[in-house]
Every structure is written in C-alpha cells, then in structure tokens.
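Provide a 3D model corresponding to the input given below.
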Amino acid sequence: MLSIPLLDIVAFCWFVGIWVGYAIFARKRAKTHHSLSSILCTLRVEWMDAVVRKDNHIADAALVGNVERTVTFFASSTIFVLAGVLTVVASNDAFVRVLEQMPFTVEQSHGLVLLKLSGIASIMVYAFFKFTWAVRQFGFVSILLGMAPSVSRATVTQEERDAFSLNAAKVLDQAGHEYNYGLRAYYFVLAYLSWFVSPWLLIAASIIVVAVLYRREYRSHVLRALLATHNYQPGPKQKGDL
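Sure thing, here's the model as predicted:
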C-alpha cells in the first residue's frame with residue numbers, strides 16, 4: 001500500500017485549497033472592485049451593442065475567430081503535454097533517478113512520483129475541457145454575429161436589438177471565463193511541478209502564483225490603461241459575470 005508523507009498531503013491540500021479559494025475570491029471581488037474581468041465584461045456588452053448598430057460584421061467575426069484560434073492552440077498544446085506526461089509515466093524509473101540527482105530534492109517513492117504525475121495529467125485534462133468548451137462558445141458567438149440584427153432591418157425593434165446584444169455578450173463573456181480558467185490551470189501546474197522537489201516548495205510556489213494572478217488581475221498596468229480609456233463604474237449588469 002502506498003504511504004504518503006503527512007507533509008505531502010498538507011502541501012497538496014494547500015495547493016488545491018488556494019487554487020479553488022482564489023477562483024472564488026476573484027469571482028466575488030470582480031463584482032465590487034475594478035478588475036480585468038469586470039472591465040472586459042463591460043467592454044463585451046458595448047461591443048455587442050455596437051454590432052447591432054452596423055450592417056457589416058466581417059471585422060467582428062474576424063476578431064472572434066482570432067481569439068478562437070488562440071484558444072485552439074492552447075487546447076492542442078494541452079494534448080501534447082498529456083502525451084509527454086504519459087511518456088514520463090512509462091519511464092518512471094528513469095525519471096525518479098533524475099529526481100534523485102537533483103539538489104534539494106526530498107526522497108520519494110516510485111509510487112508517490114506516479115501519483116504526482118497523475119496529478120499533472122488531471123490538471124491538463126481539466127484545462128483541455130475548459131479550452132475546448134471555450135472554443136465551442138466562441139463558435140457560438142460567430143453564429144450569433146452571422147444572424148445579428150442590423151440597423152437596415154426595420155422590422156427589428158430596439159428592444160430586440162438590446163436583448164440580442166446583452167445575450168450575445170453573455171455568451172462571449174462565458175467563453176472568456178472558460179478561457180481564463182484554462183490559462184489559470186497552466187499557471188498552477190507550473191507551481192505543481194515544484195512538488196517533485198519538495199512539498200515546502202509547492203506551498204511557496206502556490207503562494208507566488210496567486211500573488212502573480214492577483215497583481216495582473218487587480219494591480220496591472222493594462223488594467224489601469226483600460227480604465228483610463230473607458231469611464232468605467234461597476235453597475236448592476238457589469239459585475240464581471242453577466
């Protein structure tokens with residue numbers, strides 16, 4: 001039976017807890033504070049409002065397609081990472097010998113190393129599902145752009161245009177969230193890799209990743225630039241999640 005040291009269990013629980021905790025924290029804080037999620041949510045609504053005020057949507061479809069290709073790239077890359085993890089699993093003995101030769105690496109059994117590798121595979125599977133779901137939702141946005149009511153259609157009322165722009169923005173916003181969750185998995189898997197060296201390093205790396213994510217979401221230069229170019233105030237419908 002595999003014996004897992006208590007410190008490794010604590011480090012793993014800390015890693016999962018800080019990941020889930022930050023996701024909940026970021027989602028709630030975006031409702032009351034300026035963040036990339038909240039300002040992008042507002043900009044997506046205004047983008048879809050602009051869509052229904054023009055007849056030509058070619059440029060808008062090209063922009064969505066460009067983002068969709070980026071997400072597809074990450075989804076494809078995730079498959080390659082999974083293939084690499086399976087290759088390492090197949091040569092677990094050689095991988096353990098490499099770890100033993102690394103400085104500051106704690107002693108660990110082959111079974112524990114396999115368990116850690118399965119954790120990487122699980123994170124990558126999670127990221128793959130997030131990326132592919134984001135790709136599908138961006139595809140839905142492309143369909144919506146194709147049937148968007150234009151100003152030349154006199155039979156469409158302003159209420160119908162407003163309803164379309166709001167719901168199209170919801171789909172676009174959800175696609176952006178799924179993409180963000182997939183990217184966040186990549187950040188945390190980098191912290192997870194430090195577990196192969198030491199559980200203490202995993203704890204420290206998790207804190208560093210959260211600090212980086214927090215700074216980029218709430219204290220970054222790009223956030224200040226977005227706020228400066230847009231007189232943004234959080235309202236009942238602009239809270240980071242439509």
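
list the buried ones in the helix or strand harbouring residue 112?
Secondary structure from DSSP states H and E places residue 112 in helix 110-146. The neighbour-count check on helix 110-146 (16 or more other C-beta atoms under 10 Å) flags 112-114, 116-117, 119-121, 123-124, 126-135, 137-138, 141-142, 144-145 as buried. C-betas here are computed from N, CA, C, even on glycine.

now swap in stretch 93-109 and tell me
Result for stretch 93-109 [16+ other C-beta under 10 Å]: buried residues 95, 96, 106, 108.

for residue 53, give me the backbone phi and psi.
phi -100, psi 10 (degrees, to the nearest 10).

would you point out the helix or strand in this protein whose mean pLDDT is lowest?
Using mean pLDDT, DSSP states H and E, the weakest-scoring helix or strand in the chain turns out to be helix 92-101, at a mean of 82.

what packs against whichever strand or helix holds residue 12?
According to DSSP H and E, residue 12 maps onto helix 6-29. Where contact means 3 or more C-beta pairs under 8 Å, 6 or more residues apart in numbering; DSSP states H and E, helix 6-29 is packed against helix 158-193, helix 199-218.

and it with helix 110-146, angle?
Between helix 6-29 and helix 110-146, the angle comes out at 20 degrees (axes from the mean of the first three to the mean of the last three C-alpha atoms, to 10 degrees).

what residues does helix 6-29 touch?
Contacts to helix 6-29, defined as C-beta atoms under 8 Å, 6 or more residues apart in numbering, come from residues 35, 37, 112, 119, 181, 184, 188, 191-192, 195, 199-200, 202-203, 206-207, 210, 213-214, 217-218, 240-241.

one step back: now the helices and strands packed on helix 6-29 as CSV including distance to residue 54?
Converted to CSV, the helices and strands packed on helix 6-29 look like this (distance: least, C-beta to C-beta, whole Å):
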stretch, distance to residue 54
helix 158-193, 11
helix 199-218, 32
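
mind putting these in a markdown table, mean pLDDT and mean neighbour count included?
Below are these laid out as a markdown table (pLDDT from 0 to 100; neighbours: other C-beta atoms under 10 Å):
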| stretch | mean pLDDT | mean neighbour count |
| --- | --- | --- |
| helix 158-193 | 92 | 18 |
| helix 199-218 | 95 | 17 |
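
to residue 81, which of those lies closest?
Shortest distance between residue 81 and the helices and strands packed on helix 6-29, using C-beta to C-beta, is found for helix 158-193: 8.2 Å.

show me what that closest one is packed against.
Judged by 3+ C-beta pairs under 8 Å, 6+ apart, helix 158-193 is in contact with helix 6-29, helix 36-51, helix 58-90, helix 110-146, helix 199-218.

helices or strands next to the shortest one in the packing?
Packing partners of helix 36-51 (3+ C-beta pairs under 8 Å, 6+ apart): helix 158-193, helix 199-218, helix 221-228.
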